[in-house]
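In: predicted model, plus sequence, below.
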Amino acid sequence: ICGKSIDLDLQKTNIDHIIPLANKGKDDKNNFALTHESCNKSKQDANLTIARSLHKLKSIQDDVQKRENRLASLKDLLRQEGGAKYEFKYTIEGDIIKYSFDDLDDVNVYEAKIFIDSMSKEKSCFINIPIEYVYHDEVINPRGINSSINLLVKEFYKGNPQLHLTLARIDDNHIKVFDGQHKAAAQILLGCRTILVRLFID
């Protein structure tokens, strides 16, 4: 669960159900794993993938709390997972935004339609963004990640849809997430390397 080795002479262990019985896992040797006892207690009814994801986040949260005496945020998770590296290169032609991810050796030029809100006149588009181009907006939304992320990770793992997209803005050629950081973090914890965002242009 924690990814660390088990010393059978020094540490207490448990036999764990990889897929919990409560989630229709089987009481079968192919569904058993040896775990640290403390890891198994913290896992509760989560399956192994979810438990590893949440343990990874807890390690980041504990480290940030110890070093900087604050809650970990999307910024800290992105740093850990190789995100928040590159500037967003784009041009606007009429109601189309053109962009590329050439820092990732992707030579394609992508396009998305720009929508204009009839009341606010805000311009936005919908784009799948590689996490290497995603930053946390510490100006608009400086708060950290709280325990509500646990439920999001479980729901996303089951394939349940997001009903609200992550919102981001372009600021000085950086894509900054200002709403939905928990949704973005849950997806990253489950291994997603791209995040679907509603991107505000101005």
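Out: That came in fine, so what should we check first? Nothing here was measured: the structure is a model prediction, and the numbers come from that model.

In: let me know the outermost residue of this protein.
Out: residue 9 (36.3 Å; C-alpha atoms, centre = their mean).

In: buried residues, the top helix by length along the chain. List them.
Out: What stands out as the longest helix in the chain, according to DSSP state H, is helix 48-68. By neighbour count on 16 or more other C-beta atoms under 10 Å, the buried set for helix 48-68 is 48, 50, 51, 52, 53, 54, 55, 56, 57, 60, 61, 64. Any C-beta I mention is one placed from the backbone N, CA and C, and that applies to glycine too.

In: okay, the closest residue to residue 17 other than its chain neighbours and residue 152: tell me how far apart.
Out: Leaving aside its sequence neighbours, residue 17 sits nearest to residue 25 (C-beta to C-beta, 6 or more residues apart in numbering; 4.9 Å). Residue 25 sits at a distance of 22 Å from residue 152 (criterion: C-beta to C-beta, to the nearest Å).

In: between these two, which is the more surrounded one?
Out: Of the pair residue 25 and residue 152, residue 152 is the one with more neighbours under other C-beta atoms under 10 Å, namely 19 against 16.

In: tell me how far the more buried one lies from residue 181.
Out: Counting by C-beta to C-beta, the gap from residue 152 to residue 181 is 11 Å.

In: and what of residue 194?
Out: Taking C-beta to C-beta, one finds residue 194 at 16 Å from residue 181.

In: more neighbours: these two, which one.
Out: Set residue 194 next to residue 181 and count neighbours by other C-beta under 10 Å: residue 181 wins out with 25 against 16.

In: and residue 43, what pLDDT?
Out: Listed pLDDT for residue 43 reads 57.

In: what about residue 147, neighbour count?
Out: The burial count assigned to residue 147 is 8, neighbours taken as other C-beta under 10 Å.

In: apologies, that question was intended for residue 92.
Out: So residue 92, with other C-beta under 10 Å, has 13 neighbours.

In: given the helix or strand encompassing it, what are its sheet partners and their directions?
Out: Per DSSP states H and E: residue 92 is located in strand 89-93. Its sheet considered, strand 89-93 pairs with strand 96-101 (antiparallel) by DSSP bridges.

In: from residue 173, how far off is residue 188?
Out: 22 Å.

In: between these two, which one's more packed in?
Out: Comparing residue 188 with residue 173 by other C-beta under 10 Å, the one with more neighbours is residue 188, at 24 against 11.
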